[in-house]
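# Here is my input, please return the structure:
(one chain, ligands or ions: 2)
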Amino acid sequence: MEVQFLKSAFKESQYPPPELPEIAFAGRSNVGKSSLINTVVNRKKLARTSATPGRTQAINFFQLGNDMLLVDLPGYGFARVPNKVRNAWRNMVETYLYKRETLRGVIVILDIRRDPAAGDMDLLHWLHHYGVPPIVVLTKADKVSRQEARKRHGIITKVLKEKGLSQQDGAIPYEAIMFSARTRLGREEVLSRMKTLADLNPTAPPEQHSL
Ligand code: GTP
Ligand code: MG
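Ligands and ions are numbered 1, 2, ... in the order given. Here you go, the predicted structure:
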């Protein structure tokens, strides 16, 4: 799978031309967004990862073959930055999500060990409101036992359901995907749903194309 870094953008005028379907990756700072992208595209160091939260500060665009663009968004919820910086990030991400006409879906990445935080719920409500389909991915599944992972999957699914965030007009399967960048658990499923949202998945049932 051929993949290349296109560019970093801080504002709209710096985005690449809106010519291909696009899938963005969002989540708390340090949750594993960049690692997920690297795993999905089979590259170790395409998107920069770091043990220090706040590594990805710009919107980074990557191109996957001639099929779609992948967008690594800066994380939210990182406490140790001044308000001014936090507002600038928020503004940058919301502008992107709201304005990007080729955006087909957002992979919302949650840590399987934690309950969704306020920032996560804000993001999901926001996507719901603007009709951007989410794909919820529960990452770092390797950090807990399989039994615990299943239990956490159930709890988080229930939380999302209770908040009315578990249905996307029946168009896409809504189960959260268990994932690990370390063991690559869930990689195929994430890729397959990305392709479905980008309308590139030939094996998807017909109703999944009606986005
Ligand atoms: P920011 O760009 O700073 O917001 O972070 P990010 O969400 O892009 O996270 P990143 O991919 O940089 O990963 C953060 C840390 O978590 C790194 O130390 C990763 O190695 C680790 N990590 C990410 N995914 C996994 C995973 O599935 N399992 C384990 N064990 N560690 C992970
Ligand atoms: Mg990152």
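# what about the lowest-mean-pLDDT helix or strand in the chain and ligand 2, touching?
Using mean pLDDT, DSSP states H and E, helix 83-99 stands out as the lowest-scoring helix or strand of the chain, at a mean of 84. No: using Cβ under 5 Å from the ion, helix 83-99 stays clear of ligand 2, with a minimum separation of 12.3 Å. Heads up, the C-betas are built off the backbone N, CA and C, glycines and all.
# next structured bit after that helix?
Helices and strands here follow DSSP states H and E; after helix 83-99, the next one along the chain is strand 103-111.
# which residues touch that following strand?
21-28, 31-33, 36, 68, 71, 96-97, 116, 120, 123-124, 127, 132-140, 156, 172, 176, 190, 193-194, 197-199, 211 (Cβ atoms under 8 Å, 6 or more residues apart in numbering).
# Kindly write the PyMOL command that selects the buried subset of these.
Command for PyMOL that selects the buried part of the contacts of strand 103-111, burial taken from 16 or more other Cβ atoms under 10 Å:
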select buried, resi 21+22+23+24+25+26+27+28+31+32+33+36+68+71+96+97+116+120+123+124+127+132+133+134+135+136+137+138+139+140+156+172+176+190+193+194+197+198+211
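# Just the contacts of strand 103-111: which are in helices?
Among the contacts of strand 103-111, the members falling in helices (DSSP state H) are 33, 36, 96-97, 120, 123-124, 127, 156, 190, 193-194, 197.
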